[in-house]
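Peer 1: Show me the folded form of this:
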Amino acid sequence: MRFSGDYRARFEDQEHMRWRPANSDLYVLSRLRLGLQLKPLSWLTFYGQAQDSRIFFPKRIAPLPPVQDALDLRMAYVELGDPKKFPLQLRAGRQEITYSEERLIGVSNWSNLGRTFNAVKLLVQAPHAGGMKLEAFAGSVVAAREAMWNRSIAGDNFHGAYAVFDKLLPQGTVEPYIFWRLSPNVTTETAPRGKLDHRSHGLRVTRKFGPGWYASSDTVFQIGNRGTDSVKAWAAYWRVRRLYPAASWKPTLTGDLNMATGDKNPRDGIFQTFDVLYPTPHDKYGLADQVGWKNIRHVSGAVELTPRKGITLQSKLHSWWLASAMDGLYSAQGNLLVRDPLGRSGKHAGEELDFQFLWTPAKTLVVGGGVGRIFAGEFLRKASPSSPYTFYFLSLTRTL
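Peer 2: Here you go, the predicted structure:
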């Protein structure tokens, strides 16, 4: 028997939300998680976790999901198999599902609720087949509901398979995957509503090149149907990182390029806006989380420093352009924020400058803080009120 848990409190201040004047809010987010693991046998595990998430002192943000969900069951699953002794492992119940950098599927830990799935997941290990580890799953995302027990939505299903081969490349991995998403009720171009049925085929590759160099890429294509519309979308990212572990303050330089398609014609019956699925997008396209991996061309550079053990400093600069002027700007979670349906507001959305720190004074305590400032480009100046958006946060996480 093993007990676990953590508590996180985070102060946030958002100035000029949706780039609107007099639309600001500051508040405190609170999240408590308590878990219990029972392991009567080496191949049998039971796990459950309760979560209580709340928001205090908001003025404009409603105390509802995704910021508040009073005491609820976050995870409850049974796991069969010991991967150290047998190549198969099965997990069934409410659980987390996450892969690689969580760009498409992740736990969304930054949010005050996080994400889980009601699912069945099978792990298959084949060390002699290129070091393969394959996970296949079938399930449905859990929808949070305040003052009610959380549950999945009928017909909103998500299935997939993700493989990692760690012996095909020297000091690298090859990770092919496929995800299949089904939803009973979505908007379409040629009809009021319809059913979603599309598949995401992707390949992620990582590689270390000599001392201090690291590169990764991910390319994914989406095909299928959205009601009477056909789905044809794609996205990709490329990253290069240089580490200097022997230098003072151990600097790390990172460069990112992210691309995702948008819809070129909202009435042609071809849906081209990339679907981000169920990501953990925080800080991947900007600390303020006002831009996501949809209809975007994104370039960023980052510098990370470690002046002493337990302290990390980071600065990032982001710049964004719309892939299609007829489509809009989407948030990190994939929600439409601003759109010019005529496509006359240009493509340059703007830039963001971020600063943040992380301090770990003890193994069970983490303190973080930061600020992100967005500078409006031509698109935001023309298509929105364009008041400058700024995001501040200060957080404390204690592991119990």
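Peer 1: can you tell me how far the nearest residue to Arg398 once chain neighbours are set aside sits from Gly286?
Peer 2: Excluding the flanking residues, the one nearest Arg398 by Cβ to Cβ, 6 or more residues apart in numbering is Tyr7, at 5.1 Å. In this view, the C-beta of every residue, glycine as well, is placed from N, C-alpha and C. Relative to Gly286, Tyr7 is positioned 27 Å away (Cβ to Cβ, to the nearest Å).
Peer 1: In this structure Pro279 contacts Ser100, no?
Peer 2: No - Pro279 is beyond contact range of Ser100, at 11.0 Å (criterion: Cβ atoms under 8 Å).
Peer 1: re earlier: and Tyr7 and Gly286? Which one has more around it.
Peer 2: Gly286 (28 against 15; other Cβ atoms under 10 Å).
Peer 1: Quick check: that one touching His318?
Peer 2: Yes - here Gly286 reaches His318: they are 4.8 Å apart, a contact under Cβ under 8 Å.
Peer 1: where exactly do the strands run in the stretch 101-250 of the chain?
Peer 2: Assigned by DSSP state E, counting those that start in this stretch, the strands in the stretch 101-250 of the chain fall at 117-126, 132-143, 151-152, 157-165, 172-187, 193-208, 213-226, 229-243.
Peer 1: Show the secondary-structure elements that the third one is packed against.
Peer 2: In other words, strand 151-152. Using 3 or more Cβ pairs under 8 Å, 6 or more residues apart in numbering; DSSP states H and E as the contact definition, the elements that strand 151-152 packs against are strand 117-126, strand 132-143.
Peer 1: between those strands, which gets nearest to Ala191?
Peer 2: With Cβ to Cβ, the closest approach to Ala191 among those belongs to strand 132-143: 24.3 Å.
Peer 1: what would the strands of the stretch 101-250 of the chain look like in JSON lines with mean neighbour count and distance to Thr252?
Peer 2: As requested, those are arranged in JSON lines below (neighbours: other Cβ atoms under 10 Å; distance: least, Cβ to Cβ, whole Å):
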{"stretch": "strand 117-126", "mean neighbour count": "18", "distance to Thr252": "32"}
{"stretch": "strand 132-143", "mean neighbour count": "18", "distance to Thr252": "27"}
{"stretch": "strand 151-152", "mean neighbour count": "16", "distance to Thr252": "40"}
{"stretch": "strand 157-165", "mean neighbour count": "19", "distance to Thr252": "24"}
{"stretch": "strand 172-187", "mean neighbour count": "17", "distance to Thr252": "19"}
{"stretch": "strand 193-208", "mean neighbour count": "18", "distance to Thr252": "14"}
{"stretch": "strand 213-226", "mean neighbour count": "18", "distance to Thr252": "10"}
{"stretch": "strand 229-243", "mean neighbour count": "18", "distance to Thr252": "5"}
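Peer 1: Format those as a markdown table; extra columns: distance to Trp19 and mean pLDDT.
Peer 2: Formatted as a markdown table, the strands of the stretch 101-250 of the chain follow (distance: least, Cβ to Cβ, whole Å; pLDDT from 0 to 100):
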| stretch | distance to Trp19 | mean pLDDT |
| --- | --- | --- |
| strand 117-126 | 34 | 96 |
| strand 132-143 | 29 | 96 |
| strand 151-152 | 34 | 94 |
| strand 157-165 | 33 | 97 |
| strand 172-187 | 24 | 95 |
| strand 193-208 | 30 | 96 |
| strand 213-226 | 29 | 97 |
| strand 229-243 | 25 | 96 |
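Peer 1: so can I have CSV of these showing distance to Asn109?
Peer 2: Supplementary listing: those in CSV, determined by distance: least, Cβ to Cβ, whole Å:
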stretch, distance to Asn109
strand 117-126, 15
strand 132-143, 15
strand 151-152, 20
strand 157-165, 19
strand 172-187, 20
strand 193-208, 20
strand 213-226, 20
strand 229-243, 20
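Peer 1: In three-state terms, label the spatially most central residue of the chain for me.
Peer 2: For the chain, the residue sitting closest to the mean C-alpha position, by Cα atoms, centre = their mean, is Thr280 at 1.4 Å. When the structure is reduced to helix, strand and coil (DSSP: H, G, I helix; E, B strand; the rest coil), Thr280 reads as coil.
Peer 1: circling back to that earlier point, my read: the residue nearest to Arg398 touches Leu32, true?
Peer 2: Yes - counting by Cβ under 8 Å, Tyr7 does reach Leu32; the two are 5.0 Å apart.
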